[in-house]
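Visitor: here's my sequence, what's the structure:
(chains A, B and C)
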Amino acid sequence: MFDNLIAGMHVGRILPEIVLVGVVLLAILTDVISPRGKSTGPVRLVSLAGLIGVLVATILKKDDFGQAFGGMVMIDGFTFFFRVVLTFITFIIIYVSEKYIGLAKIRIAEYYLMLLLALFGMMLMVMANDLLILFLGIETMSICLYTLVGMSRHKASSNEGALKYFLLGAFTTGFFVYGIALIYGSTGSTNLTDIMVYFRTVNTAMPVIAWAGVGLILIAFAFKTSLVPFHWWSPDAYEGAPTTITAFMSTAPKAAAFAAFIRVFYVGFGDLSSGLEPVLWWIAVLTMTVGNLIALRQDSVKRMLAFSSITHAGYLVVALLTWEQMGASAILFYLVVYAIMNIGAFLVAIAVNRDESDEKGYSYEDYRGLGFRKPILAFAMMIFMLSLTGIPPTAGFFGKYYIFSAAVKSGFVGLAVIGVLNSAVSVYYYLRVIIMMYLKERDEEKEAPIFWAGEMVSIMFICVVLVIVIGIKPDWLLSIAQASVSGLM
Amino acid sequence: MDFAVWIVLFPLIGLLFNTFFGKKLPEKIVGWLASLMIGASFVVALMITLKLAALDPEHRVVEVTIFRWITSGNLTLDFAFLIDPLTSVMILVVTGISFLIHIYSIGYMHGDSRFHVFFVFLNLFVFFMLVLVLGNNLPILFIGWEGVGLCSYLLIGFWWEDQKKAEAGMKAFIVNRIGDFGMLIAMFLLFYYLGTLKFTEMFPAAAHLWGHSVGAPAITAITLLLLLGATGKSAQIPLFVWLPDAMAGPTPVSALIHAATMVTAGVYMIARTATLFMLAPTSMMVVALIGGFTALFAATIGIKQMDIKKVLAYSTVSQLGYMVMACGVGAFSAGIFHLMTHAFFKALLFLASGAVIHTMHGALHKVHDHDTDPQDIRNMGGLRKYIPLTYWLFVIATISISGLPGFAGFFSKDEILANAFASEGVGYVVWGLGLVGAVITAFYMFRLVYLTFHGNYKGPEGSAEGLKESPPIMTAPLVVLAILAIIGGYVGLPPVLSKFHLFQTWLKPVFEPAYSAVHYHPHHLSHGLEWLLIAVSVSAAVIGLFIAWLMYIKKGLIAKSDDEQSGIQRLLLKKYHVDEVYNAVVIQPLIDLSRYAWKIFDAGFIDNILVNGTARAVRVFGGGLRRMQTGIVGNYALMIALGVILILAALMGR
Amino acid sequence: MELTLNHYLILSAIIFAIGVTGVLTRRNVLIILMSVELMLNSANMTLIAFSHYLQNIDGMVFVFFTMTVAAAEVGIGLAIVVTMFRNKGTIDVGNFNLLKG
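Guide: Alright, predicted model coming up:
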């Protein structure tokens, strides 16, 4: 009987996560046995090798889909997609970090360990079919991120970013758990499938506390994906964090949060779409607009990218609102594209930044005449900026194109108009970087040396190529995204 | 016709080669390689046209698929080229003019420290322009559309040392985004209603959907949004402000991008989507009026400009107005015809003005004068003696643009005006606008010729010896263009002269479906009326010429600076009683109108209120929101709590 | 008087509101942390109350996890507070506004 129970749990389906935990343990061990102060190199190699193992495990299990642990987790194409994407992003960040963490004076192995554990949390989030697993995933990820933001212990801005992120994050966790409690109370379960069944049957007369629960869970997601008006932490945490971590946070955890967002709201609360529509409509409009307008007034490229990241989240909400497969696949497509161009942009920002020990830094001024100083680097930045703006033939154009065409198709013409207007406004601040690079004279006295690392250059190169390739031929990625969401609804 | 793909591959090869090796190679190789690649594209374009001509007229639609591009849900798009008569005209014009301008640039850009970069951008521009006109669906068109905009912006700001030029580039880009916004929304709406964005499927579907409800709100909205895109790209009211500023770029760029090719993309787009526009009569009326008013207003502004390139810039806006107007009255092929002849004579004008500037620059350089503006016509005069070849070439182009009989511009402009006159609705109004515009065009163009080439040289002392003809590499392309500016019009003789209108017949299969979708039959004028119209428009040109001659040759008037402007009136009143009538009836109102139009539309309204005002409002708003990001955690938590209350209230209060 | 589900729910809602008010009004990081704990515990109470009245064990299990997570969170929070104190010599959140605008 016990054997049956084990078999019914389908432990094999979470093989990638098991491998990942093994990697974490191995990395801790490596840290312990390496000579003091010299452990980051070996830990990094173990982590990278381990992440390849995770990928292999993911691919090995790519046909073994279904629920596991009695419906607690759901392994499907959607999970598979995000497992691969998240592992890749984590791999890239770990790959490029070694030289940077030396520069930022955070040469401790915990940097890599926390990234791996954050990945574990995100993996839980993307496969969670139960609010409990979701909660654990979000918290595992968040706790690691709090630490990662504050990694530069000697920098007041890093501490401050971590503290703000932590306090507001904990605050929202309170709402989240309370929301789960209310949902549990009204539906009698924390399982998304059960919740869906409940909502489908009693849709007409839903108790007020169930709506309150849905609202509180929505708020938790809005916080994690930094939607207005729950975005306050993100610019400050993004700016304070070491820049590799900023690149990480604006891509992987955001992707994981949107994945969970889609699963919970499409599967669990799928029947409440009409009720949620007005709220999400306003959130989408505010998020797109507010992030954009503040980004206009920034003097730091890093902080500008932080605010623009809010705007991009707004575009994703537009697609989420469609409550259709087309919108969901547009989100997946956009998340991948956004990760590529944003990581690329942050890597250029790291290379160009004047002085890492400066509390602020990352000024637009550093880009003055870069086009003539470092033509290739400037070219890469130009491609990323154009892609973020959404100008063809770059990947970013198709990201927006799919989102807004999905929105129009579902009848949200107003939202699409506001979105396209916003992306027109965003030209201004992305273009400012290009203008600085190509149209401003060099000021050779003030120029700081470029920070080069072979890993960073190779990843930058790959990002440029991908942005252009997807910009020319986007459909393969979109068809993968479509296949991934097909099982969801 | 699979070889068609080479037309875009040649520029691509050229730009890749120059990107990687251009820096190390001598100018000659870089310049000629870039030019020859475009020349090769031109040969391909010719081959495409000949192959197309060999087919039956109704089969002249060939699609060349390059690869499967997008598959998303029920939207399947190939990256494919649509080759039909309209495309063939466009690719011939684009590659032909580009080839000549590339060669010219070898001489013009000689000695520039970033010579190869210039040619890389130029090749990139041609690549995107070809993608724009060849694309078989709206997204490809849009990619080319954005690409040429980007190149234009990069090339305007090419001499980046100059802050003003950088700003001009920026302005061009931002104004164009307003237009692009219209395009994108129109594209989404079209997909929503028709389920396809491929031209060959879209037009029958549109005809089917709206054929019985012509002028339905949806199609009117879509076409107006498309028109917004066209006004941005083709510099029409209200989005024309960027083009005169864009003249900050090097002159070959002005000639290629801001006169002959890119700015005509809006006209091309309207002609391409002719079926949609025909289904929306209100939009057609708006198109015609916008074109007509732009033609007139830009012309009046041209009267008063002192910068040789600014005059040409406003005249470009004005001529584009004629093309848009032609589309608006349903005479699409006339619009494309004018697009072609305009490409010839306007490229010639710009390149010749570039040669003038080059000459002036050289002369001023000789006497170490760096303060005198080599583009200001007040510093010129009498150049005829020094650079006779450039002078004659400039005169040929001027005659052509003014619409004097026998030259290319005459045929196309006359066809537009005749079609406007014959059309219903606002036909007479736009015809009137176009006619007055024609008078003014002749006036300001001959004013330019007289002030630049006639009279006495007014440059700094001693610099006259330095005035000499530009090198053959610059003048040779001009001669070719001059020949085209003379004979280019004979492919489309008016009905009174010839039964067979080659150009119209060639384009007929393209626009036939647009007309049949709404059962529209273009009106035909009687021969007598047609002769009368020709006489009227010729006399319009002659009147303009005569006034210019009277003022600037006979009476030796010289151009005054802006603050002395009111002096003209005194001067006229005091000395030349003959001119009193002209002054009161024509000149003064025109000067007033010009000043008024310039103030209202350029400096005042659009610049200050629309462009700057919006930008300022956005910035102020952004600043306010920025202050909400106080940095204090307590405030953030409070905002979050307020957000929670709002969301819960919205959800629970249902 | 018999204690019903509503009594528990109302009590936990009140405690939750007290926690929220604490976070909003206090400036000392430690007290803010305590207030967050109040919020979490009120949620736990709701879970247990529901669990009892629904005769369903899931809610109780959830509480164990919440408590564990809360403990981990406090651990991280205190670590951040310590580094912050070292750098700035204060734990008043009103003084931390280097990053803004």
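Visitor: from here on, contacts and neighbour counts on C-alpha atoms
Guide: Fine.
Visitor: so where is the stretch 351-489 of chain A shaky, pLDDT-wise?
Guide: Filtered on pLDDT under 70, the stretch 351-489 of chain A yields the residue ranges A:439.
Visitor: what does it put close to chain B?
Guide: Listed as neighbours of chain B in the stretch 351-489 of chain A under the rule CA under 8 Å from any CA of the partner chain: A:391-393, A:404-405, A:408-409, A:416-417, A:420-421, A:424, A:427-428, A:435, A:438-441, A:472-475, A:478-479.
Visitor: neighbouring contacts of stretch A:406-419?
Guide: A:281, A:285, A:288, A:315, A:318-319, A:321-322, A:326-327, A:330, A:404-405, B:185, B:188-189, B:192 (CA atoms under 8 Å, 6 or more residues apart in numbering or on different chains).
Visitor: helices - which of those residues land there?
Guide: In this view, the contacts of stretch A:406-419 that belong to helices under DSSP state H are A:281, A:285, A:288, A:315, A:318-319, A:321, A:326-327, A:330, A:404-405, B:185, B:188-189, B:192.
Visitor: give me every residue that touches the residue of chain B most remote from its centre.
Guide: Within chain B, B:M652 marks the point farthest from the mean C-alpha position, 56.5 Å out by CA atoms, centre = their mean. When contacts are counted by CA under 8 Å, 6+ apart, B:M652 touches A:208-209, A:211-212.
Visitor: run the last query once more with 6 Å
Guide: Shown in contact with B:M652 (CA atoms under 6 Å, 6 or more residues apart in numbering or on different chains): A:208, A:211.
Visitor: and it, what pLDDT?
Guide: Looking at B:M652, its pLDDT is 85.
Visitor: backbone dihedrals for it, both of them.
Guide: The phi/psi pair for B:M652 (degrees, to the nearest 10) reads phi -80, psi -30.
Visitor: same check, this time on B:L493
Guide: According to degrees, to the nearest 10, B:L493 has phi -70, psi 140.
Visitor: re the thing from before, overlap between the ones in helices among the contacts of stretch A:406-419 and the residues near chain C?
Guide: Counting by CA under 6 Å from any CA of the partner chain, the subset of the ones in helices among the contacts of stretch A:406-419 that neighbours chain C is empty.
Visitor: greatest separation within those: which pair is it?
Guide: In terms of CA to CA, the ones in helices among the contacts of stretch A:406-419 reach their longest pairwise distance at A:M288 and B:Y192, which sit 22.9 Å apart.
Visitor: more neighbours: the two, which one.
Guide: A:M288 (32 against 19; other CA atoms under 10 Å in any protein chain shown).
Visitor: and the residue in the stretch 201-350 of chain A that chain C sits nearest to, what does it touch?
Guide: Closest to chain C within the stretch 201-350 of chain A is A:D236: 5.5 Å, counting by CA to the nearest CA. A:D236 makes contact with A:161, C:99, according to CA under 6 Å, 6+ apart.
Visitor: redo that, cut-off 7 Å
Guide: A:161, C:99-100 (CA atoms under 7 Å, 6 or more residues apart in numbering or on different chains).
Visitor: same check on A:V149?
Guide: A:158, A:161-162, A:237, A:240-242, A:245.
Visitor: what comes up buried for the helix or strand containing A:S484?
Guide: Using DSSP states H and E, A:S484 sits in helix A:475-486. Within helix A:475-486, the residues that count as buried by 16 or more other CA atoms under 10 Å in any protein chain shown are A:475, A:477-486.
Visitor: closest one to B:L227 out of the residues you listed, please.
Guide: Using CA to CA, the buried residues of helix A:475-486 come closest to B:L227 at A:D475, 29.5 Å.
Visitor: how close does the closest one sit to chain C?
Guide: 40 Å (CA to the nearest CA, to the nearest Å).
Visitor: measure that residue to B:L189 for me?
Guide: Using CA to CA, to the nearest Å, one gets 21 Å for the distance from A:D475 to B:L189.
Visitor: any chance you could map the helices in the stretch 351-500 of chain B?
Guide: Taking DSSP state H, counting those that start in this stretch as the test, the helices found in the stretch 351-500 of chain B are B:388-402, B:408-422, B:427-453, B:472-487.
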